[in-house]
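J.: Starting from these lines, generate the structure:
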Amino acid sequence: MEKRKILIVDDEIHYIVEMKEALHSDYSIFSAYDGKEALKLYHKENFLVVITDLKMPTMDGFQLVESFEQLENPPVVIVQSIIDDLKSVVNLMQKGVYDYILKPINRNELTVRVKNAFEVAELRNLRKITEKEREIRIAYQFNKFSSIPINDPEHHKYENVKLDPILAELVQNNGFSLLSYFVELISGNEEINSEKYHLNQELLDVMINNSRAVQNIKNILSEIEYVRENPFKLEKVAVSEFVNTLNALVTKNAPITSIKDQELEIISGFTYGVEDFLLLHPKYFSKAIQEILYNACKFSKKNSNISILIEDDQDKLKISIINIMDSSLSTHQGIEEEFSRLIFEPFFRLSKESFPKYPTQDLGLGLTLVEKIIQNHNGTISIANMLPENENRNEKWIKAKIKVPIYKNKI
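T.: A predicted model of the protein is given here:
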């Protein structure tokens, strides 16, 4: 399991060493010797919790706390102090500093206060994400249903309507928001001949395509409901056999990766035993992996590698699919934290584009199905931005991470 990161700021190295010894088993420790260095490191690593001394050269702890207060998402700060500094500590806590610890350091006290600080930081993040999700849902629904000018009579005339944008809207928003619009459009453009309606062929084609899209939605929703309501009958699959399945998927996706001259690569980060196995529904689990690979190919930049990393995470097999976002798309900012759960909700789409060259529907239902499949394997899935492996901070890297139980001849 990846350790949570914490930043310790102190110009006296023996205090840093002492705190590292107390915390290293549970946390990944970073250190800085003054506020300026700490601020630079913070912007690079984005720590949830920072422990800082107050009296330091170049930039002291007071200035560092002030700098943190200017940030949109400041860390939870614990200050170190001596008895003589307590008045200053009280002032800082009134400005938002979470806690303090007296020097010399008591290791047990330090451990408890750091644990509490992380709990506070995670609660703050959850509150912000929940509020952001709420704002996004409201904005998304408002934009979805207010963008169609149903009440404007000028838009009910066929000659003033461009059908290509309407087709895109039908595909991407499932046709529901345009149902009333089409009724009005048809009523204003039919011709009656011998008691029969005559419609423009182009308009009819769009209606037929919309009908097919709605039928497809019904099929996918039925499949999602089936997966949600019916536990899978799982089969014992050796890890080596599963890796062979991934290799077969890579080969199968060659026509897809050729669209943008991309390459799929499998990287095994651990050595598995011959008796190690997974419990899978092979068809559905492969379907989930395939859907994620389709998304990775669609949203990755041209001439890039898409990596499938296989790792052992204690009693879990971790499969990470990593890609670099295509900066020319509307999703060039990747998947920010506030969207990381919303993307699994039915019909939620971050992208404004459709991708006709790929065998996907662009309906905002694929990841909903994937999540239900993984949950039916007693597993978890998350998709979010990650820090790039190089210093190019303009690139957005995405990691889709699946974890399922791995068994070592336990059952």
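
J.: quick one: the helices in the stretch 1-150 of the chain?
T.: Under the criterion DSSP state H, counting those that start in this stretch, the stretch 1-150 of the chain contains helices at 13-23, 35-45, 61-69, 86-94, 107-146.

J.: a markdown table for those helices, including distance to Ile383?
T.: For the C-beta atoms, the positions are set from N, CA and C on the backbone; glycine is no exception. Shown next, in a markdown table, are the helices of the stretch 1-150 of the chain (distance: least, C-beta to C-beta, whole Å):
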| stretch | distance to Ile383 |
| --- | --- |
| helix 13-23 | 30 |
| helix 35-45 | 21 |
| helix 61-69 | 29 |
| helix 86-94 | 38 |
| helix 107-146 | 14 |
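
J.: Out of those, which is closest to Ala288?
T.: For the helices of the stretch 1-150 of the chain, proximity to Ala288 was assessed by C-beta to C-beta; helix 107-146 is nearest, at 23.5 Å.

J.: about what we covered before: would you reformat the helices of the stretch 1-150 of the chain as TSV and include mean neighbour count and mean pLDDT?
T.: Output for the helices of the stretch 1-150 of the chain, formatted as TSV (neighbours: other C-beta atoms under 10 Å; pLDDT from 0 to 100):
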stretch	mean neighbour count	mean pLDDT
helix 13-23	16	93
helix 35-45	18	92
helix 61-69	19	91
helix 86-94	14	78
helix 107-146	14	73
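
J.: could you point out where this structure is predicted with low confidence?
T.: Applying pLDDT under 70 to the chain flags residues 1, 83-86, 129-200, 203-204, 206-207, 210-211, 388-393, 409-411.

J.: Dihedrals phi and psi, the closest residue to Asp276 other than its chain neighbours?
T.: Leaving aside its sequence neighbours, Asp276 sits nearest to Val239 (C-beta to C-beta, 6 or more residues apart in numbering; 4.5 Å). Per-residue torsions, Val239: phi -60, psi -40 (degrees, to the nearest 10).

J.: Val239 touches Leu317, doesn't it?
T.: Yes - with contacts counted by C-beta atoms under 8 Å, Val239 reaches Leu317, the gap being 6.9 Å.

J.: who wins for proximity to Asn305 among the helices of the stretch 1-150 of the chain?
T.: helix 35-45 (24.1 Å).

J.: Can you check what angle separates that closest one from helix 61-69?
T.: 30 degrees (axes from the mean of the first three to the mean of the last three C-alpha atoms, to 10 degrees).

J.: Start the count at 44 instead of 1 going forward.
T.: Okay, using 44 as the starting number, the last item reads as helix 78-88.

J.: Just the C-alpha atoms of helix 78-88, please, in PDB.
T.: The C-alpha coordinates for helix 78-88 follow below in PDB (Å, rounded to 0.1, in the frame of the first residue of the first chain):
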ATOM      1  CA  GLY A  78      10.200  27.800   4.400                       C
ATOM      2  CA  LYS A  79      11.300  28.700   0.900                       C
ATOM      3  CA  GLU A  80      12.600  25.200   0.200                       C
ATOM      4  CA  ALA A  81       9.400  23.800   1.800                       C
ATOM      5  CA  LEU A  82       7.100  25.900  -0.400                       C
ATOM      6  CA  LYS A  83       8.900  24.800  -3.500                       C
ATOM      7  CA  LEU A  84       8.600  21.100  -2.500                       C
ATOM      8  CA  TYR A  85       5.000  21.500  -1.500                       C
ATOM      9  CA  HIS A  86       4.000  22.800  -5.000                       C
ATOM     10  CA  LYS A  87       5.800  19.800  -6.500                       C
ATOM     11  CA  GLU A  88       4.300  17.100  -4.100                       C
END
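
J.: what helices or strands is that helix leaning on?
T.: Contact here means 3 or more C-beta pairs under 8 Å, 6 or more residues apart in numbering; DSSP states H and E; on that basis helix 78-88 packs against strand 47-52, strand 70-75, strand 92-95, helix 104-112.

J.: Any chance of TSV for these, columns distance to Phe382?
T.: Output for those, formatted as TSV (distance: least, C-beta to C-beta, whole Å):
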stretch	distance to Phe382
strand 47-52	22
strand 70-75	26
strand 92-95	24
helix 104-112	25
